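Chemist: What shape does this take:
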Amino acid sequence: MGNKMDTTKNKHIIEGIITGDHQIIKSFYKRNLPIVQKLIFMYNGTIEDVEDIFQESMILLYHKLRYKNLDPFKATINTYFIGICRNLWRNQVRKTKHMERLDFAGNCIKETTDSIEDIITKADQQDLFHKHFNRLNSSKKNMLVMVFEGKSTKDIAYITGYSQGYTRKKRALSKKSLMQLVFQDPLFSELL
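Modeler: The predicted structure follows:
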């Protein structure tokens, strides 16, 4: 009996996310944000990291639900979402540690174990990203450039003259715009 109830609740949440139901999304945030925050804080992440990972995970979840038809889930939608967050955070930590090692090593030549296919795929992914980045308006491009440079919300707010709250919103909207353009490109699904 409990399993059928969970499946029905899962479908209700999935439909709410796909249709943009404000109440369901708000409830989803309330339930999952503390879990994501705890996960990221365990590995010395910041509140900005939590916001970024949560936002990116929501965009990925929406895309997978909307375009990949992942229903029915073996786990609940909440468990699946936390898995997305965990994977994104691990990748970010790995990338940060990798960058720190490269900085420490200076200008050493890095041996690559990537196959030629991996190298070509990465180049195609970068081309796809740049193609759609260049389609954004200058305001969104400028915002994303500052984010990519690692500037904090506080620094970006100071530079732009926006409030920190508006800066967070504008940063999230800029990322969302870019990700939507990339996801809609037919090449995106080929590169996955």
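Chemist: which non-adjacent residue is nearest the residue nearest the centre of the chain?
Modeler: By CA atoms, centre = their mean, the chain has its centre lying nearest to E56, at 2.1 Å. Nearest non-adjacent residue to E56, counting by CB to CB, 6 or more residues apart in numbering: L88, 5.8 Å away. Any C-beta I mention is one placed from the backbone N, CA and C, and that applies to glycine too.
Chemist: For F54, see how far away the one you found is.
Modeler: 9 Å (CB to CB, to the nearest Å).
Chemist: These two - which one has more neighbours?
Modeler: Using other CB atoms under 10 Å, the more surrounded residue of L88 and F54 is F54, with 21 against 18.
Chemist: where's the more buried one relative to L39, distance?
Modeler: In this view, F54 and L39 are 10 Å apart by CB to CB.
Chemist: D49 - how many residues pack around it?
Modeler: For D49, the neighbour count with other CB under 10 Å is 18.
Chemist: Same question for S138.
Modeler: When neighbours are counted by other CB under 10 Å, S138 comes out with 7.
Chemist: And for L187?
Modeler: Residues near L187, counting by other CB under 10 Å: 12.
Chemist: That one: which element?
Modeler: Here L187, judged by DSSP states H and E, is contained in helix 186-191.
Chemist: now do G150
Modeler: Here G150 is assigned to no helix or strand, by DSSP H and E.
Chemist: Give me the pLDDT value at it.
Modeler: Here, the pLDDT recorded for G150 equals 82.
Chemist: Low-confidence bits of this protein, can you list those?
Modeler: Residues of the chain meeting the criterion pLDDT under 70: 1-6, 68-75, 96-124, 188-192.
Chemist: separation between Q23 and M58?
Modeler: Taken as CB to CB, the span from Q23 to M58 is 16 Å.
Chemist: So which of the two has more stuff around it?
Modeler: Between Q23 and M58, counted using other CB under 10 Å, M58 has the larger neighbour count: 20 against 8.
Chemist: which SS class is that one?
Modeler: Three-state call for M58 (DSSP: H, G, I helix; E, B strand; the rest coil): helix.
Chemist: Let me see the contact set for it.
Modeler: F81 (CB atoms under 8 Å, 6 or more residues apart in numbering).
Chemist: just I82 next, same as before
Modeler: N32, I35, V36, L39.
Chemist: Tell me which of the residues you listed fall in helices.
Modeler: N32, I35, V36, L39 (DSSP state H).
Chemist: Give the burial count for the second one, as a bare number.
Modeler: The reference is to I35. Neighbour number of I35 under other CB under 10 Å is 15.
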